[in-house]
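Student: just to be clear, the model below is a prediction. Sequence and coordinates:
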Amino acid sequence: MPQLIYSKNHDITFSLHPTALELYQCLIQQPFMLKTTPQQERFLNSLPSILVGSMTFQTESNKISKDNKPIGFQVIYPFWAPYFWSNANPELGTLLIYGIDVERLAENMAWPAFLEQLYIAADVRKSSLIIDNIKKHIPAELSKSFFGGPLTDTFFAEQSGQSRRAIYQQRKKTILTRNEGTASSLGDIVNALNKNEEKV
């Protein structure tokens, strides 16, 4: 696969690839995500300096030359990398790998990697938030592949060792907190719960 070491001589605009946008949004909205601060420089510098994605050039050719310099790189994996960047670019010296099937990469590496981390780091006290967030962002075909269909409270309860009722109570508390200070009727709250509660 073609590759390039990012240096100060390159004028490349970095962004997330469209296939990874929903996944990235799903990740940063998870309740287990930690906030980054400038004091974490030692940790951030220890992260792997490899990005896989799609490179764009000045012309339609993907061969680097004096007349065809790279101008853009869309990150697919690791899709969480931009979350840790101190500015809009990765560190100098980062290896950029491109020229691959981006759709298959997002399906076969990015989403499975996210779900692996979820299994390791999920906070069951926030189960309803995790479930609703994944359902909001994951493509339907991938949800069917991973969960046999839409992610349900029952599936998550079985995997996490908790009851559906516990998840229901979490969601109820979240909705009540969200509506705190607004004129919401009991009927509005019940309707909101019913939209999220799976049918028996």
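Tutor: Everything's here; your move. Residues are numbered from 1 along each chain as shown.
Student: now the strands for this protein?
Tutor: Taking DSSP state E to define them, one finds strands in the chain at 3-5, 13-16, 50-57, 70-77, 95-97.
Student: those strands: which one's closest to A157?
Tutor: Comparing the strands of the chain by their distance to A157 (Cβ to Cβ), the top pick is strand 70-77, with 30.3 Å. Bear in mind the C-beta positions are built from the backbone N, C-alpha and C, glycine included.
Student: contacts for the closest one, please.
Tutor: Residues outside strand 70-77 that contact it (Cβ atoms under 8 Å, 6 or more residues apart in numbering) are 4, 10-20, 51-58, 64, 81-82, 96, 98, 102, 105-106, 109-110, 113.
Student: for ChimeraX, write the select line for the buried members of those.
Tutor: In ChimeraX, selecting the buried portion of the contacts of strand 70-77, with burial taken from 16 or more other Cβ atoms under 10 Å, looks like this:
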select :4,10,12,14,16,17,19,20,51,52,53,54,55,57,81,82,96,98,102,105,106,110
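Student: in PDB, list the C-alpha atoms belonging to the longest helix seen in the chain.
Tutor: Ranked by residue count under DSSP state H, the longest helix found in the chain is helix 164-178. C-alpha atoms of helix 164-178 as PDB (Å, rounded to 0.1, in the frame of the first residue of the first chain):
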ATOM      1  CA  ARG A 164     -33.800  -4.500  31.400                       C
ATOM      2  CA  ARG A 165     -35.600  -2.800  34.200                       C
ATOM      3  CA  ALA A 166     -32.300  -1.200  35.400                       C
ATOM      4  CA  ILE A 167     -31.700   0.200  31.900                       C
ATOM      5  CA  TYR A 168     -35.300   1.500  31.800                       C
ATOM      6  CA  GLN A 169     -34.800   3.300  35.100                       C
ATOM      7  CA  GLN A 170     -31.600   4.800  33.800                       C
ATOM      8  CA  ARG A 171     -33.400   6.100  30.700                       C
ATOM      9  CA  LYS A 172     -36.300   7.400  32.800                       C
ATOM     10  CA  LYS A 173     -33.800   9.300  35.000                       C
ATOM     11  CA  THR A 174     -32.100  10.800  32.000                       C
ATOM     12  CA  ILE A 175     -35.300  12.000  30.400                       C
ATOM     13  CA  LEU A 176     -36.500  13.500  33.700                       C
ATOM     14  CA  THR A 177     -33.200  15.300  34.100                       C
ATOM     15  CA  ARG A 178     -33.300  16.500  30.500                       C
END
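Student: cool, thanks, signing off.
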